[in-house]
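**Student:** dropping a prediction and its sequence here:
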Amino acid sequence: MATTTTDIDADTHHDHEDHHHGPEPGLMRWVKTTNHKDIGYLYLWFAFGMLLIGGAMAMVIRAELFMPGLQFVEPQFFNQMTTMHGLIMVFGAIMPAFVGLANIQIPTMVGAPDMALPRMNNWSFWILPFAGAMLLSTMFMEGGGPAFGWTFYAPLSTTFAPDSTDYFIFAIHMLGFSSIMGAINIIATVMNMRASGMKLMDMPLFVWTWFITAFLLIAAMPVLAGAVTMMLTDRNFGTSFFDAAGGGDPVMFQHIFWFFGHPEVYIMILPAFGIVSQIIPTFARKPLFGYSSMVYATGSIAILSFVVWAHHMFLTGMPVAGQMYFMYATILISVPTGVKVFNWVSTMWRGSMSFEIPMMWAVAFVILFTIGGLSGLMLGIVPADIQYHDTYFVVAHFHYVLVSGALFSIIAGVYYWLPKWCGRMFNEKLATIHFWWAVISVNVLFFPMHFLGLAGMPRRIPDYGLQFADFNLIASLGGFAFGLSFLLLAYIVVDCIRNGKVVKEARVWESAKGLEWTLPTPAPYHTFNEEPSRELILKESSHTGDNH
Amino acid sequence: MIKVVVLCFFVFILYSLGSAGYYMMKDPSGSRRMLKALTMRIGASILLFMFLMFSYWMGWIQPDGAL
Amino acid sequence: MQSKDQYYVPEGSYWPIVGSVGMAAMLGGFASSLHGGIMGTGIMILGLVIILFMVFGWMGQVVHESESGLYNKQVDKSFRIGMAWFIFSEVMFFAAFFGALFYAREFSVPWLAGEGNNMWTGKLLWPEFKAVWPLIEMPKPEAFVVPKAVIHAWEIPALNTMLLLASGATLTWAHWALYNGKRDQIIYGLMATIALGVLFLGLQVAEYAEGYGHLDLKMTSGIYGSTFYMLTGFHGLHVTLGTIMLICILMRVIRGHFDADNHFGFEAVAWYWHFVDVVWLGLFIYVYWFV
């Protein structure tokens, strides 16, 4: 029984107490573990594995689109690639990576010994490999895997889908179950395990953004479960939720899906905001500008995310009043998001900046995410969206926010906290090469897609007209280069863990603030055995100072 | 009109159920606030059901949805 | 129970991985059986058994740890927060299906009949179709099972509403008894609640038999049948789970667990039951009664 104690009264003693015990030996450590760091590492490695699989699919897509005409794969297989790429990246890579970072970091940032519900935490992770395997196994079934796009609109996913779709449905159920349990755990940890000296408005922004994200998950994931359940019964038990002949409506699927889907995109970006808000003050050597406005902006974005879903459906048929409402509500989100971008810039303003690796990624995030955000505004305008809808402009938009946004922030977070986790510094020369390689190739990959989309190239097609050839060639070259950069990332991380220069300082980055930097390096197996004091929390707050 | 009354009842029931959940979460075992909220919840539900039966008896509503 | 100034982290456990294996087997087997897999149903049942084994093993361990005084106030509170937000996720799951019901009733059915700016939809697709709710005759009746009627609200459903409301009352009675330390009254209250729950389920089965056997109201009866069976079916599933949990709580009460200051398990299950009760009230008003 790993009972860690502070200020023990004599009568609360247990005979089976053992302080500071390490992990149990052997592989079973990882299966049975209730330790938040173990589970977090499992999440991160799982996410990285899925990222490589989903990335390999993206390589197939870019190879096929390298030139006009059908070169390598059948159109049906191409559709499977685009579908599975999206599903794996969203549910297998980005979301688990953020949950992994939350698992490792949140207890250390709120001064807790572990997550609030450690066994359930283990279960949230150990559902994922099974769900991921079930999702991937559809590729090898008769009729192939899902080929209807990651949004699985009915009736493509009901009437016209292969048998394997039912496995896909259950994989989504399992992934959703895992996400809900993960979110409940984060809420309970933040509410209940936070050091008693830490008030809500003392929490670091990564904790705040994840706390809000967890509510989004709990509200949105069950709706997705409902949507796929309706799909399941429509496919197998003759219900007619999405069948107009029975009084249902295929458009209803889109409403239910996007009621989940729009909060989902904020689920993937709010934690990214949190990571960047941790990194920028460290390397600008200034308190975060406008901490409370950051918190309120995050909350506003979360609330607004539930009332804008139909901006994904401007072309599916909607009363004009509906289009107007959803357009204005969508554009409104740019206000809190703009607050965030200006706060990051103001944090850097007249700071004594230095550009260590995590900072470079964070700055790249701010610039590239803003590009993605602005193209999102363009898409949110109804008359313009009629032109952009379902073109490569949309692809460019959401890859700018999800790849150079969410994924870059994850990489930034890993570079930022990795030395703390393993007590070793990564090879900074290689990491610099990695950064420039990735940041240049990602733009070569995705920027031309804006032009393709404006010129009218539709998404989800294996072949295209000759007029799109040049930009596609450039994008594919960028894509291959960007894909390769992840092998370099893998090498840098493994090399760091094995042979990196040993770091002893608790504060790996000299001006980093936050409770996690008061722990010894490498971070001990059990995090806080003693509750950190209020003085320490205030001293370590990354936002105290002029603006507090 | 009946619709509005029913909706008001229902919102109140949801509110008392929700507040019971809030008290369950916030209060330690031994606090009675949750139990009181749940008692209100069941009381309001029974009243609502009686109201529905009464309106049916008075002929204000029909089971085919005509109000 | 200990004070909060001591942290508690439970020891490692095999239960989660057992649960994952069970879940994968159950759902994978189900999917396989849907497409004529020979082993599918067997694997599904095996998975279900594994999950039940996991639930009872895991919960048993938690109850044991709780009763041996390992937990402190902080653990108790974590459980409370977890349960509250779990039920919130259940609310959102039901909301998706209620949303489908309202969408069909208020939008898709009238639109298919040509309401609003959908005149051509009505004229071109199924010109004969009339929008009425409950939807007996769907736009393309020959492709579906047309029911003779839907379940009448003032027959079994009204009786079932009374049963569930009564069960909510008996549970609240038992809950008060828990505070006042009257163990006999808790046991009688819980027993009555369980009996009412089981009776409710029996009547629900009878209602389904009536729907399938006499009224031709089936899941394949267009959007009304779809929403009716999915909503009441998921509700019935939750009543079943709630009844099982109440039985576990009853056995714990008989064994002398819980007192006025330490009874999170009781509160959690009670709240779950009240939630299921409210969902039923929503079903009664909006599914059976069409308000």
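**Tutor:** Structure's in. What do you need?

**Student:** residue numbers of the stretch 151-291 of chain C in contact with chain A?
**Tutor:** C:218-220, C:222-227, C:229-230 (C-beta under 8 Å from any C-beta of the partner chain). In short, each C-beta sits where N, CA and C put it, glycine included.

**Student:** so what's residue 58 up against?
**Tutor:** Because you didn't say which chain, this covers chain A. A:81, A:85, A:479, A:483 (C-beta atoms under 8 Å, 6 or more residues apart in numbering or on different chains).

**Student:** I was after chain C.
**Tutor:** A:119, C:13, C:15, C:19.

**Student:** just give me the closest of those residues to chain B.
**Tutor:** A:Arg119 (19.9 Å; C-beta to the nearest C-beta).

**Student:** what's the neighbour count on that closest one?
**Tutor:** 20 (other C-beta atoms under 10 Å in any protein chain shown).

**Student:** next one: C:Met162
**Tutor:** Count around C:Met162 with other C-beta under 10 Å applied: 15.

**Student:** what of A:Pro68?
**Tutor:** Applying other C-beta under 10 Å, I find that A:Pro68 has 15 neighbouring residues.

**Student:** swap in A:Phe140?
**Tutor:** A:Phe140: 9 neighbours (other C-beta under 10 Å).

**Student:** quick one: it from A:Ser164, how far?
**Tutor:** 9 Å (C-beta to C-beta, to the nearest Å).

**Student:** where in the stretch 151-291 of chain C is pLDDT low?
**Tutor:** Applying pLDDT under 70 to the stretch 151-291 of chain C flags residues C:291.

**Student:** same check, this time on chain B
**Tutor:** Looking at chain B by pLDDT under 70, you get B:29-30, B:63-67.

**Student:** any stretches of the stretch 301-450 of chain A with poor pLDDT?
**Tutor:** For the stretch 301-450 of chain A, no range has pLDDT under 70.

**Student:** ok, which stretches of it are strands?
**Tutor:** Taking DSSP state E, counting those that start in this stretch as the test, the strands found in the stretch 301-450 of chain A are A:424-425.

**Student:** so what's C:Ala96 up against?
**Tutor:** Here C:Ala96 is in contact with A:222-223, A:225-227, A:230, A:256, A:259 (criterion: C-beta under 8 Å, 6+ apart).

**Student:** which SSE is the spatially most central residue of chain B in?
**Tutor:** Centroid-nearest residue in chain B, with C-alpha atoms, centre = their mean: B:Ile13, separated by 3.2 Å. Using DSSP states H and E, B:Ile13 maps to helix B:2-26.

**Student:** now do the next helix or strand after that helix: distance to the chain's middle.
**Tutor:** Moving toward the C-terminus from helix B:2-26, the first helix or strand encountered (DSSP H and E) is helix B:33-58. Taking the mean of its C-alpha atoms, helix B:33-58 sits 5 Å from the chain's own mean (C-alpha atoms, centre = their mean, to the nearest Å).

**Student:** and residue 271, how many neighbours?
**Tutor:** Defaulting to chain A. 28.

**Student:** oops, wrong one, chain C.
**Tutor:** C:Trp271 has 25 neighbours, counted by other C-beta under 10 Å.

**Student:** surely it touches B:Tyr22?
**Tutor:** No - C:Trp271 is beyond contact range of B:Tyr22, at 10.7 Å (criterion: C-beta atoms under 8 Å).

**Student:** now do the shared contacts for these two.
**Tutor:** What both C:Trp271 and B:Tyr22 touch, as defined by C-beta under 8 Å, 6+ apart, is the set C:Ala84.

**Student:** re earlier: residues contacting the residue nearest to the centre of chain B?
**Tutor:** B:41, B:44-45, B:48, C:278, C:281.

**Student:** try A:Ile106
**Tutor:** By C-beta under 8 Å, 6+ apart, A:Ile106 lies in contact with A:36, A:112, A:115, A:186, A:189-190, A:206-207, A:210.

**Student:** same thing with A:Ile333?
**Tutor:** A:301, A:304-305, A:308.

**Student:** ramachandran angles for it?
**Tutor:** Note on A:Ile333: its backbone torsions stand at phi -60, psi -20 [degrees, to the nearest 10].

**Student:** distance of it relative to A:Ser300?
**Tutor:** 8 Å.

**Student:** residues shared between the contacts of those two?
**Tutor:** Between them, A:Ile333 and A:Ser300 share no contacting residue, judged by C-beta under 8 Å, 6+ apart.

**Student:** find the nearest non-adjacent residue to the closest residue to chain A within chain C, please.
**Tutor:** Per C-beta to the nearest C-beta, C:Ala96 is where chain C lies closest to chain A, at 2.7 Å. Among residues not flanking C:Ala96 along the chain, A:Gly226 sits closest, at 2.7 Å (C-beta to C-beta, 6 or more residues apart in numbering or on different chains).

**Student:** for C:Asp261, see how far away the residue lying farthest from the centre of chain B is.
**Tutor:** Going by C-alpha atoms, centre = their mean, the residue of chain B most distant from its centre is B:Pro28, 25.4 Å out. For B:Pro28, the distance to C:Asp261 (C-beta to C-beta) stands at 8 Å.

**Student:** so which residue is smack in the middle of chain C?
**Tutor:** Nearest to the mean C-alpha position of chain C, by C-alpha atoms, centre = their mean, lies C:His238 at 2.1 Å.

**Student:** what packs against the strand or helix carrying that one?
**Tutor:** Per DSSP H and E, C:His238 falls inside helix C:222-254. Packing contacts for helix C:222-254, counted by 3 or more C-beta pairs under 8 Å, 6 or more residues apart in numbering or on different chains; DSSP states H and E, involve helix A:205-236, helix C:73-103, helix C:183-210, helix C:264-283.

**Student:** switch the ones you listed over to CSV; also include distance to C:Thr243.
**Tutor:** Output for the helices and strands packed on helix C:222-254, formatted as CSV (distance: least, C-beta to C-beta, whole Å):
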stretch, distance to C:Thr243
helix A:205-236, 22
helix C:73-103, 16
helix C:183-210, 4
helix C:264-283, 9
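
**Student:** and C:Ala25, which of the ones you listed is closest to it?
**Tutor:** Nearest of the helices and strands packed on helix C:222-254 to C:Ala25, taken as C-beta to C-beta: helix A:205-236 at 17.6 Å.

**Student:** that closest one to helix C:73-103, inter-axis angle?
**Tutor:** Helix A:205-236 and helix C:73-103 are oriented at 40 degrees to each other (axes from the mean of the first three to the mean of the last three C-alpha atoms, to 10 degrees).

**Student:** which neighbouring elements make contact with helix A:205-236?
**Tutor:** helix A:95-110, helix A:165-188, helix A:250-267, helix A:270-284, helix A:291-304, helix C:73-103, helix C:222-254.

**Student:** what about these, which gets the closest to A:Glu428?
**Tutor:** Per C-beta to C-beta, nearest to A:Glu428 of the helices and strands packed on helix A:205-236: helix A:270-284, 13.8 Å.
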